[in-house]
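Asks: would you be able to build a 3D model of this:
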Amino acid sequence: MTEREKMLAGLNYDPGDAELVAGRARAVGLTMLINQEPDREKRRALVNELVHASDGRAAIMPGFFCDYGDNIRFGARAFVNANSVFLDCAEIVIGDDFQCGPGVQLLTPEHPLDAALRRSGVESARPIRLGNDVWIGGGAVVLAGVTVGDRVVIGAGSVVTRDVPSDVVVVGNPARVVKTLPRDA
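Replies: All right, here's what the predicted structure looks like:
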């Protein structure tokens with residue numbers, strides 16, 4: 001099993017593996033170009049080279065950073081505001097009509113709790129899955145392994161540490177349900 005396969009399977013992997021280092025270098029190069037490109041259509045073409053967007057129209061504002069890019073899958077009509085960080089050591093799968101405020105972080109990597117193992121440099125990662133019509137307020141953080149249902153609002157500055165059901169508003173650190181929303185027809 002390659003280190004990339006281990007990474008995507010949620011196993012401990014060596015981030016210093018040559019294939020993974022090259023993948024991160026590719027992402028750094030593309031994100032630098034995205035972050036410097038003032039023309040919206042040219043920026044969109046670079047975004048499509050970096051991530052998978054089902055409609056080819058994901059809008060990512062400058063200041064974006066990711067680990068690999070090719071582990072990020074957007075549904076239709078995705079918008080990511082400035083200075084967001086999507087660390088995609090595992091898959092980040094996002095449904096249609098995604099809205100993301102500035103400074104949002106989606107973080108799939110995990111590091112061992114055991115200090116000796118952590119010093120060895122190994123990492124692991126768990127996927128993040130966001131449903132349709134998810135709106136994440138500025139500065140919110142979604143941690144590894146979290147699944148968020150459809151039509152969810154995550155309040156600004158919230159830290160989402162566990163799964164979120166559909167049709168709710170969550171806020172706080174750790175994020176908790178504060179309101180149930182009526183379901184769209």
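Asks: mind naming the longest helix for this protein?
Replies: Identified as the longest helix of the chain according to DSSP state H is helix 18-36.
Asks: so where's the protein shaky on pLDDT?
Replies: Within the chain, the stretches with pLDDT under 70 are 185.
Asks: what lies in contact with stretch 71-78?
Replies: 8, 50-55, 57-59, 66, 86, 88-98, 100, 108, 132 (C-beta atoms under 8 Å, 6 or more residues apart in numbering). C-betas here are computed from N, CA, C, even on glycine.
Asks: now, of those, which are buried?
Replies: With burial judged by 16 or more other C-beta atoms under 10 Å, the buried subset of the contacts of stretch 71-78 is 8, 50-53, 58-59, 66, 86, 88-98, 100, 108, 132.
Asks: next, count neighbours for the closest residue to G23 other than its chain neighbours.
Replies: Spatially, and ignoring its direct neighbours in sequence, G23 is nearest to Y68 (4.8 Å; C-beta to C-beta, 6 or more residues apart in numbering). Y68: 22 surrounding residues under other C-beta atoms under 10 Å.
Asks: just the ones of the contacts of stretch 71-78 in helices?
Replies: L8, L50.
Asks: in strands, which of the contacts of stretch 71-78 fall?
Replies: H52, A53, A59, C66, F86, I92, V93, I94, C100 (DSSP state E).
Asks: find the nearest non-adjacent residue to R118, please.
Replies: Leaving aside its sequence neighbours, R118 sits nearest to P112 (C-beta to C-beta, 6+ apart; 4.6 Å).
Asks: for the one you found, identify the helix or strand it belongs to.
Replies: Counting by DSSP states H and E, no helix or strand carries P112.
Asks: swap in R176?
Replies: Counting by DSSP H and E, R176 is found in strand 175-180.
Asks: repeat for E5
Replies: With DSSP H and E as the test, E5 turns up in helix 3-8.
Asks: just how off-centre is that helix within its chain?
Replies: Chain-centre distance of helix 3-8: 17 Å, with C-alpha atoms, centre = their mean, to the nearest Å.
Asks: counting by contacts, list what it packs against.
Replies: In terms of contacts (3 or more C-beta pairs under 8 Å, 6 or more residues apart in numbering; DSSP states H and E), helix 3-8 is packed against helix 18-36, strand 124-125.
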